[in-house]
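Chemist: give me coordinates for this.
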Amino acid sequence: MTSWMPSGFRRKWCEGSTYRMEQFASDIVATLILALPAISAEREAREERRRLSEMRMKQQSELEAQRRLDKNRFRQLAEHAAAWRETSLLRRFVAAMRQADLDMGMVIEGKTIAQWLNWAEVAIDRHDPLLHPKSVIESIAAVDRWTYPD
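Modeler: Predicted structure coming up:
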């Protein structure tokens, strides 16, 4: 009974040549009856500690999930900012190409240089997040904590 008997109660009875286990029976039963409330209280305390521990772990898990969600949304925002920076640079580059001394009628791979520059502007527009700012916000809102696996 040493593993579950609360402190303050007898836990050990030794049978020997002088005393037999049968003689200890009433003492063992009386001890158990007296110890039951303490055993019950210890069990309830263990259950309460376990409940509180589980509640703390759940709170920590929820905080971690919220932290990861915020990190992923920030990452999505940063990706949009990088796309905007890139499209801004490309717009300036295409504008500089238009100012360069080029024969806009020269054909390369079946298109004139003017057509290639127009194609570049359309491609830039497709990738510029500021041309569709609502979709930027929607994409950030659609991010969850599993959007990025790392």
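Chemist: going by C-alpha atoms from here, please, whenever you check contacts or count neighbours.
Modeler: OK.
Chemist: spatially nearest residue to the residue nearest the centre of the chain (excluding sequence neighbours)?
Modeler: Among the residues of the chain, residue 65 comes closest to the average C-alpha position under CA atoms, centre = their mean, at 3.4 Å. Spatial nearest neighbour of residue 65, chain neighbours left out: residue 145 (6.6 Å); criterion: CA to CA, 6 or more residues apart in numbering.
Chemist: name the helix or strand of this structure that has the lowest mean pLDDT.
Modeler: In the chain, no helix or strand scores lower on mean pLDDT, DSSP states H and E than helix 21-99, which sits at a mean of 92.
Chemist: chain center to that one, what's the gap?
Modeler: Remark: helix 21-99 is offset 9 Å from the chain centroid, using CA atoms, centre = their mean, to the nearest Å.
Chemist: which other helices and strands does that helix contact?
Modeler: Here helix 21-99 touches helix 113-127, helix 133-142, going by 3 or more CA pairs under 8 Å, 6 or more residues apart in numbering; DSSP states H and E.
Chemist: brilliant, that's me finished.
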